[in-house]
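Student: Any chance you could fold what I've pasted below:
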Amino acid sequence: MPIDEYRPATRLWQPTKYVFGFAAVVALASVNTPLWAAGDADGAAAYREHCASCHASDLTGAAGPALSGFVFADRWVGKNAALYELISKAMPLDAPGTLSAEDNRSITDYILRLNKLEDAPAGDSKSSTLAHAHSAPQIPLPAPAKRFATAESTEPGDAELKNPSSGDWLYYNLNLNGQRYSTLRQITPQNVRHLAPKCIFQTGEIGSFQSSPIVRKGRMYVTTAHRTYALDASNCRKFWSHEYTPTGTEFLPANRGVALYKGTVIRGTLDGHLIGLDALNGKLLWDLWVCDTSKGCFISATPVVFDGKLYIGEAGGDFGATVRVHAFDAATLERLWSFDAAPAAGDAGGDTWSADAERRGGSQWSTITVERDSRRLFVSLGNPGPDFDGRARPGDNLYTDSVVVLDADSGHLIWYAQQNPHDVHDWDTAAAPVIYEQNGRALMAVATKDGHLYMYDRTRHDLIARAEVSLQINVTQPFSTTSSTRFCPGAMGGVEWNGPAYDPGSQLLFVNSVDWCTTVTLMEKPSPAIPWGASAVQDPIAQARGSLRAFDAANGRPRWTYAADVPMLAGLTPTASGLLLTGTGGGQMLVFDSKTGRQLYSFYTGGAIAGGISTYSVGDKQLIAVESGNASKTVWQNTGAAQVIIFGLPD
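Tutor: Okay, the predicted model is just below:
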């Protein structure tokens, strides 16, 4: 049945255009499950069997986002046919488009009926309210910040951020240079076998858990998609928590952490805002609306504060957004400058897109690296859109799949390195780069979802090494509308949001990666319902593997490899005592000898590890904080509840 002939039980649904992306499709279906029961007139049984474990029996969300409430209504009011089109063409994920028209209709009817969106009469107050809520903002964005209170403290200030205590962990990657190298040395290769959990903090949440624990003077801050927690970093006692209530559409349910500045905990939201919370009590201090989620934009990256300026990049390129990087005055919250990831036709790099192309993409996923002395920002930008269909966007599509180096004060582009011109594989440059000095040379290293580690000379800007970190299959084979192409690393493979770490002691770079393949068939014609431009199916998750590799930091030559039977997504933390800390998608917290790769310690945490692993000191004790429970019953199919486990040596 053609989409525009679809009829629910009582009335014709007119087709409407919308923009929706791969991760959001994941949120609406189970993976590797049987087809929905044919003939299920109201869809309730199908929902209970295949969706409730992820989205809850009442559609309020669990491991997956809610399929009810304001945010869902805000996204779908007046777009019933678009929701049906999405289900018809993209589900189930392991066999898109194989459901019967009756199956598609019943499940769509059920979701909409429970949301009371299927037949809202004209003039109905609820319908009018939702329609108004869904409308695009009437003010230019970023908007002036709304202020509610003043922080009760003024720390940390610029001086402390410039010279932080070795016992604190103040940035996503520990330091602005992205190295993640800790000078702490109390936990050693000789005593690490005695490491044990000191305490556990259970958030009570199930879902994405990908932030890097931030620690200052014994106080820890971690985030989930909507909540921010402040904990005692020695005993896991909760000081406060704050829950953000979104006011607009949400897409990807992930947040990767906070920045600290002058008594304020700063984080992004999934409906395009930055918010500031009082570090002492969790009260909302201010709200800065940055970008419009009705156009696909959201913020999942960790903000960075450097020398009185607040930096953040937008995400949403897979959902139709044209992404920007922003600088704000950290005190006044006034916007200072913005940089377009996909430049306009008349701007530098704009001619790498066709004149009539929809310029979108360039998402910023994790954080920003800063070269303090030169006052330069190193920003990783993601793939162009449509993800798999490059027919409508010939050219290199700058500055997607690149590291752009920007002047921190003006936002002007100084230089760039593009890893994948004209990307059609969803091979984001997602993780932040690391900058370091080796053998008298200033170097930058970045790893991407294409399964390679790239090393550049920061002075000459040339590529000096490209090393493989993931399985490579069919990486140059063109996609077709008449046949399928299986390629590796797939859209969820390679190096995801946690990038390389650098150990100046061993002079090694370390990289975690994923081996997981995707099969793609191009659509005959572009469809607004499938903005990534193709049917894209991941291999069964049981086939996904991972690895940890060490490379010579001067020339990129491989030194050692640890092979895992699960994806490796976690951050990497080398220490001055010769340890390397990380975790696996199977829930193992691991410690290696950084020079040899010999595994020294393992502890099963009960849930997938996909965030950073932070080490710090409270009093005279070195501790390690691990986020466990990055639960996903759709994409990664991980289990476990979000919890923080703090490890230490026996007293």
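
Student: Residue 389 and residue 532, how far apart?
Tutor: Distance from residue 389 to residue 532, counting by C-beta to C-beta, to the nearest Å: 7 Å. (Each C-beta comes from the backbone N, C-alpha and C, glycine too.)

Student: now residue 593
Tutor: 42 Å.

Student: Of these two, which one has the most company?
Tutor: A count of neighbours by other C-beta atoms under 10 Å puts residue 532 above the other of residue 593 and residue 532, at 23 against 16.

Student: SS state for the more buried one?
Tutor: coil (DSSP: H, G, I helix; E, B strand; the rest coil).

Student: is it true that it touches residue 387?
Tutor: Yes: at 3.8 Å, residue 532 counts as touching residue 387 under the criterion of C-beta atoms under 8 Å.

Student: Tell me where the model's unsure across this protein.
Tutor: For the chain, the stretches with pLDDT under 70 are 1-42, 45-66, 68-77, 89-96, 116-138, 528-529, 632-639.

Student: Identify the bridge partners of residue 199.
Tutor: Counting by DSSP bridges, residue 199 is bridged to residue 646.

Student: Tell me how many other residues crowd it.
Tutor: Other residues lying near residue 199 total 17 when counted by other C-beta under 10 Å.

Student: Report the contact partners of it.
Tutor: Going by C-beta atoms under 8 Å, 6 or more residues apart in numbering, residue 199 touches 234-236, 645-646.

Student: Would you list the buried entries among the residues you listed?
Tutor: Using 16 or more other C-beta atoms under 10 Å as the burial test, the contacts of residue 199 include 234, 236, 645-646 as buried.

Student: Let's have the residues you listed in a markdown table, adding distance to residue 494.
Tutor: Below are the buried ones among the contacts of residue 199 laid out as a markdown table (distance: C-beta to C-beta, whole Å):
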| residue | distance to residue 494 |
| --- | --- |
| 234 | 37 |
| 236 | 34 |
| 645 | 28 |
| 646 | 31 |
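
Student: List just the nearest of the residues you listed to residue 341.
Tutor: Nearest to residue 341 out of these is residue 645 (C-beta to C-beta; 36.4 Å).

Student: mind checking how far that closest one is from residue 186?
Tutor: 18 Å.

Student: got it, and residue 514?
Tutor: From residue 514 to residue 186 the distance is 32 Å (C-beta to C-beta).

Student: And those two? Which one has more around it.
Tutor: residue 514 (28 against 16).

Student: What segments of the chain are helices?
Tutor: 22-26, 44-50, 52-55, 69-76, 80-90, 101-114, 125-134, 158-162 (DSSP state H).

Student: where along the stretch 301-450 of the chain do the strands fall?
Tutor: Along the stretch 301-450 of the chain, the stretches classed as strands by DSSP state E, counting those that start in this stretch are 304-306, 309-313, 324-329, 335-340, 369-371, 376-381, 402-407, 413-418, 434-438, 441-448.

Student: Just name the most buried of the ones you listed.
Tutor: Greatest average neighbour count among these goes to strand 376-381 (a mean of 26), per mean count of other C-beta atoms under 10 Å.

Student: ok now that strand, how far from the chain's centre?
Tutor: 16 Å (C-alpha atoms, centre = their mean, to the nearest Å).

Student: do stretch 468-488 as well
Tutor: 24 Å.

Student: what comes up buried for it?
Tutor: With burial defined by 16+ other C-beta under 10 Å, the residues of stretch 468-488 counted as buried are 469-472, 479, 485, 487-488.

Student: Who does the residue lying closest to residue 458 once chain neighbours are set aside form a beta bridge with?
Tutor: Spatial nearest neighbour of residue 458, chain neighbours left out: residue 442 (4.0 Å); criterion: C-beta to C-beta, 6 or more residues apart in numbering. Beta-bridge pairing of residue 442 under DSSP bridges involves residue 437.
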